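[1] Here is a sequence with its predicted model. Questions after.
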Amino acid sequence: MSDSDGKKTLGLRGGSRPGNVKQSFSHGRTKNVVVETKRKRVVVPKPGAAKGGSGAAPGGSGSRRPAGISDAEMERRLKALQAAKAREAEEAAQREAEEKARAEERERRRAEAEAKEREQREAEERAKAKAEEEERKKREAEVAKERAAAAAAAPAPDAPKTARPVPNKPAPSATPRKSDRERDQRPGRGKGQDDGRRSGKLTLGQATGGAGNRQRSMASMKRKQERARQKAMGNQVEREKIIRDVQLPETIVVSELANRMAERVGEVVKSLMNMGMMVTQNQTIDADTAELIIEEFGHKVVRVSDSDVEDVIKEVEDKDEDLKPRPPVITIMGHVDHGKTSILDAIRNARVVAGEAGGITQHIGAYQVKTESGTTLSFLDTPGHAAFTSMRSRGAQVTDIVVLVVAADDAVMPQTIEAINHAKAAEVPMIVAINKCDKPAADPNKVRTDLLQHEVIVEQMSGEVQDVEVSAHTGQGLDELLEAIALQAEILELKANPNRAAQGAVIEAQLDVGRGPVATVLVQTGTLRQGDIFVVGEQYGKVRALINDKGERVKEAGPSVPVEVLGLNGTPEAGDVLNVTETEAQAREIAAYREQAAKDKRAAAGAATTLEQLMQKAKEDENVSELPILVKADVQGSAEAIVQAMEKIGNEEVRVRVLHSGVGAITETDVGLAEASGAPIMGFNVRANASARNTANQKSVEIRYYSVIYDLVDDVKAAASGLLSAEIRENFIGYAQIKEVFKVTGVGKVAGCLVTEGVARRSAGVRLLRDNVVIHEGTLKTLKRFKDEVAEVQSGQECGMAFENYDDIRPNDVIEIFEREEVTRTLD
């Protein structure tokens, strides 16, 4: 920089000291820079400034004036303040004038828009009136034309009159009508503007082949005019905020949350990011975070849970006027082989027991019987075997009356006691049927006496429980049994509402090869019809067919009617409740929720809460042998009974683990699972299909078939017993006393002994006792009598013994001789 470039140097104000600094750059270049060093200004106060009174500045008292400010400076500041106030007043007046001008401009634009709208409305009204006038003239012309045609046809029989012209014939007006039609066909002013604007564009009417363009609705036109008016007035139209009730589950996806609030997804994501959560629209957030977002956007939160999907099937109390009488449901219960099914066969005139494997009932059956008096009864026949506890419990829960069958030639047995407990737990009345009274060894009074021990007091013992002596073979007492059932049902006054959505209980479920999943359902309330959509447990479906106990197809089933239901998407669990829903979506949603809840429950039950518990469980299982098996049964109830029986087999050393249980035929999937786990497959009343049999033969997977549950349980128990370690028992066979100890070269110490009791054998085990304390336990290295090696020495004889790897023997020590044997253990 040069000094002659016309620019002022830095620091021209007083109190600064300028100086030059020379800067050096690369390639030998240099540059002079003016540097200014400022000095701090020191203000020296006037001698009279600190004193108050007459020496003050004109702007105010000396106490309010800042120190070191002169009168001239104070005066200059006051002038600057007054100038600033004047400038603010001018700016305020200017803003007010501009605002007034803008308001006038808006008013003028609004007036122009209203005038334009009024003109447009008047033009539309004129066009409408003109169109109506033309339409009226057209109708008058058509009427006149019809009149002329009628007048011309009237004088047709009179020949001279036909040539005369008709005075009111509207023929001359035909040409103007044609011109009017042509004028109507020409594009109008209002419509022509739209046609010009939309020329060259494909409209919906043209695409679908319709004539003319699609007209806007009146509401759309009003909204358009309102927007134009607001825009002309310069006002920004803000849409009114709509406050919504947002249903909030436990977790929700961000995009779904935005959809329920009717807000933009970007705004919701932005709000979450402001809260410190870096999420995308496809990520899930918890309910508390979503609640904060909903409140931030000004909406209301409605908390809902996943279980709310079941609210649509909540039970509703029926009105008394809607209730109608229904047949009673009777459950036949008792011990195995006491004749439950035989009594029911005698009542139904059927032979169900002939088709049961082993002559025992292993399924729960549902039948409907009509007596001679016209009364309809619904019967449930339950198994009596110990493994079918769950079946008997289900039968007692859905029943109205329990018929307890006890054999007169037998006594009260364990399953009889269990049936009594089930009936008491369900709080249902009981009727005792003493069966097999035709046998010579029958003693009904003994049965009545045995029932007193379980607080069942029959009428002959001055109690309230009805008892009937029956015989299924001869038919004795069956009529009295039916009368007792009818009397008990009349006392109960059983009623249900048939005109509502059906609800029932699944008695049994199976997987049929030709029909798919089939459930035996006892309808409790309402009427189940063909085509109804229902949910049952974790499954759902639509009723494709209803089949009664006689194998006939029916259209509907009312209360207390047992039917087989076809149309499920899977096999339900026995004991599940069937509910009819309005839509398939509701049924699918409820089934999905229940399935997920059951899966979570199983996962929670199988998971260890802490690492210590996991290690403890692994340590406990280390010494436990497991027998894995697969179970396939014909019905759900049998599979459940078999699994429960398997869980009871075992002890602290061995147990049975059911890897998988299900209903239906044995498939290749089952064989693959059995091969991977080394488990046999137990088929109960089912068989393997051809492909499964071939796969099992190739992979050496054992498949066993059973038709009686006794045999299955016994075989599994025997197989589990094989995993038990054998029990080692010791049998003492003799004692010998050491008389003298000899040292033999190459052998060591040899004890000269006298066999005092039993026999000493070379192969037996020995213990060395000193003062009745065991010193050593081992085997014999040698057993000699005189100089010969012998196998055994009898009592009272002398012999020489040497221990294997042990020499510390002394006179008067006692040698105990014993043998070990392995005893095979079994599971009780």
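    That came through, no problem. Residues are numbered from 1 along each chain as shown.

[2] For the longest strand along the chain, buried residues please.
    For the chain, the strand reaching the highest residue count under DSSP state E is reported as strand 727-744. Counting neighbours by 16 or more other CB atoms under 10 Å, one finds that the buried residues in strand 727-744 are 733, 734, 735, 736, 737, 738. Every C-beta, even on glycine, is put in place using the N, C-alpha and C of the backbone.

[3] again with stretch 525-544
    When neighbours are counted by 16+ other CB under 10 Å, the buried residues of stretch 525-544 are found to be 525-528, 530, 532-541, 543.

[4] what's the span of that stretch, first residue to last?
    Stretch 525-544 has an end-to-end distance of 20 Å (criterion: CA to CA, to the nearest Å).

[5] Ok, stretch 716-729 next?
    The distance separating the two terminal residues of stretch 716-729, taken as CA to CA, comes to 26 Å.

[6] Stretch 756-772 now?
    End-to-end distance of stretch 756-772: 16 Å, with CA to CA as the criterion.

[7] Would you map the helices across the stretch 451-600 of the chain?
    Under the criterion DSSP state H, counting those that start in this stretch, the stretch 451-600 of the chain contains helices at 478-492, 584-606.

[8] so of these, which one's packed in deepest?
    Highest mean neighbour count of the helices of the stretch 451-600 of the chain: helix 478-492, a mean of 17 (counted as mean count of other CB atoms under 10 Å).

[9] Check which helices and strands it sits against.
    Here helix 478-492 is seen to pack against helix 340-348, strand 376-381, strand 401-407, strand 430-435, strand 466-469 when contacts are counted using 3 or more CB pairs under 8 Å, 6 or more residues apart in numbering; DSSP states H and E.

[10] run the last query once more with 6 Å
    Helices and strands touching helix 478-492, by 3 or more CB pairs under 6 Å, 6 or more residues apart in numbering; DSSP states H and E, are strand 466-469.

[11] what helix or strand is residue 301 on?
    Take DSSP states H and E as the rule and residue 301 turns out to sit in strand 300-303.

[12] I misspoke; the intended subject was residue 399.
    When elements are defined using DSSP H and E, residue 399 is found to belong to no helix and no strand.

[13] weakest of the helices of the stretch 451-600 of the chain by average pLDDT?
    Lowest mean pLDDT within these: helix 584-606, a mean of 81.

[14] other SSEs contacting that one?
    Helix 584-606 makes packing contacts with strand 533-536, strand 539-547 when contacts are defined by 3+ CB pairs under 6 Å, 6+ apart.

[15] and the angle for the longest one with helix 584-606?
    For strand 539-547 and helix 584-606, the angle between their directions (axes from the mean of the first three to the mean of the last three CA atoms, to 10 degrees) works out to 120 degrees.

[16] Sheet partners, orientation included, of strand 539-547?
    strand 533-536 (antiparallel), strand 553-554 (antiparallel), strand 562-568 (antiparallel) (DSSP bridges).

[17] Give me the mean pLDDT for it.
    Averaging pLDDT along strand 539-547 gives 91.

[18] contacts for that strand?
    530, 532-533, 553-554, 557, 563-570, 572, 587-588, 591 (CB atoms under 6 Å, 6 or more residues apart in numbering).

[19] now the first one
    Among residues not part of strand 533-536, those counted as contacts by CB under 6 Å, 6+ apart are 542, 572, 576, 578, 579, 580, 581, 584, 587, 590, 591.

[20] Check those against residue 701 and report the nearest one.
    Distances from residue 701 to those, taken as CB to CB, are shortest for residue 572 (28.9 Å).

[21] Wait, the closest one touches residue 509, no?
    Yes. Using CB atoms under 6 Å, residue 572 makes contact with residue 509 at a distance of 5.1 Å.

[22] So those two - more neighbours on which side?
    Neighbours were counted for residue 572 and for residue 509 using other CB atoms under 10 Å; residue 509 has more, 28 against 25.

[23] can you tell me which residues contact the more buried one?
    The contact partners of residue 509, by CB under 6 Å, 6+ apart, come to 519, 571, 572, 574, 636.

[24] now with 10 Å?
    Under the criterion of CB atoms under 10 Å, 6 or more residues apart in numbering, the neighbours of residue 509 are 517-521, 536-537, 539, 564-565, 568, 570-576, 635-637, 639, 663.

[25] same thing with residue 279?
    Contacts were defined as CB under 10 Å, 6+ apart; by that measure residue 279 touches 253, 254, 268, 269, 272, 273, 285, 289.

[26] and if you look at residue 763?
    Per CB under 10 Å, 6+ apart, neighbours of residue 763: 779, 780, 783, 791, 792, 819.

[27] among those residues, who's most crowded?
    By neighbour count, taken as other CB under 10 Å, the most surrounded of the contacts of residue 763 turns out to be residue 783 (22 neighbours).

[28] where's that residue, which helix or strand?
    Counting by DSSP H and E, the element that carries residue 783 is strand 773-785.

[29] What's the mean pLDDT across the following helix or strand past that strand?
    Secondary structure here is assigned by DSSP H and E; on that basis, the next helix or strand after strand 773-785 toward the C-terminus is strand 788-789. Here strand 788-789 scores 88 as its mean pLDDT.

[30] How about the backbone phi and psi for residue 258?
    As for residue 258, its main-chain torsions (degrees, to the nearest 10) stand at phi -60, psi -40.

[31] re the thing from before, spatially, which two of the buried residues of stretch 525-544 are the most separated?
    The span of these, defined through CB to CB, is set by 527 and 538 at 24.5 Å.

[32] contact partners of stretch 110-122?
    With contact meaning CB under 10 Å, 6+ apart, stretch 110-122 is reached by 190, 225, 228, 229, 230, 231, 232, 233, 234, 235.

[33] Show me which of these are buried.
    Among the contacts of stretch 110-122, those classed as buried by 16+ other CB under 10 Å are 229, 232.

[34] Turn the contacts of stretch 110-122 into TSV, including distance to residue 293.
    What follows is these, written out as TSV (distance: CB to CB, whole Å):
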residue	distance to residue 293
190	49
225	37
228	36
229	36
230	32
231	33
232	38
233	36
234	35
235	31
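
[35] Which ones among the contacts of stretch 110-122 lie within helices?
    If you go by DSSP state H, the contacts of stretch 110-122 have 190, 225, 228, 229, 230, 231, 232, 233 in helices.

[36] Which two of these have the greatest separation?
    Between any two of the ones in helices among the contacts of stretch 110-122 (CB to CB), the greatest distance is 25.0 Å, for 190 and 233.

[37] can you tell me how far residue 521 sits from residue 805?
    76 Å (CB to CB, to the nearest Å).

[38] who has more neighbours, those two?
    Shown here are residue 521 and residue 805; by other CB under 10 Å, residue 521 has more neighbours (30 against 9).

[39] Surely the more buried one touches residue 505?
    Yes. Assessed by CB atoms under 10 Å, residue 521 is found in contact with residue 505 at 7.0 Å.

[40] got any residues that touch both of the two?
    Common neighbours of residue 521 and residue 505 (CB under 10 Å, 6+ apart) are 536, 562, 576, 577, 578.

[41] right, and residue 517 touches residue 573 too?
    No. The criterion here is CB under 10 Å, and residue 517 misses it with residue 573 at 11.7 Å.

[42] what touches both of these two?
    Counting by CB under 10 Å, 6+ apart, the common neighbours of residue 517 and residue 573 are 509, 539, 636.

[43] Beta-bridge partners for the nearest residue to residue 313 once chain neighbours are set aside, please?
    The shortest distance from residue 313 to any residue that is not its chain neighbour, by CB to CB, 6 or more residues apart in numbering, is 4.1 Å, and that residue is residue 579. With DSSP bridges applied, residue 579 shows beta-bridge pairing to residue 503, residue 535.

[44] and residue 579, how many neighbours?
    When neighbours are counted by other CB under 10 Å, residue 579 registers 22.

[45] is it true that it touches residue 316?
    No. Taking contacts as CB under 10 Å, residue 579 lies outside contact range of residue 316: 11.5 Å.

[46] which residues touch residue 241?
    Residues in contact with residue 241, defined by CB under 10 Å, 6+ apart, are 297, 298, 299.
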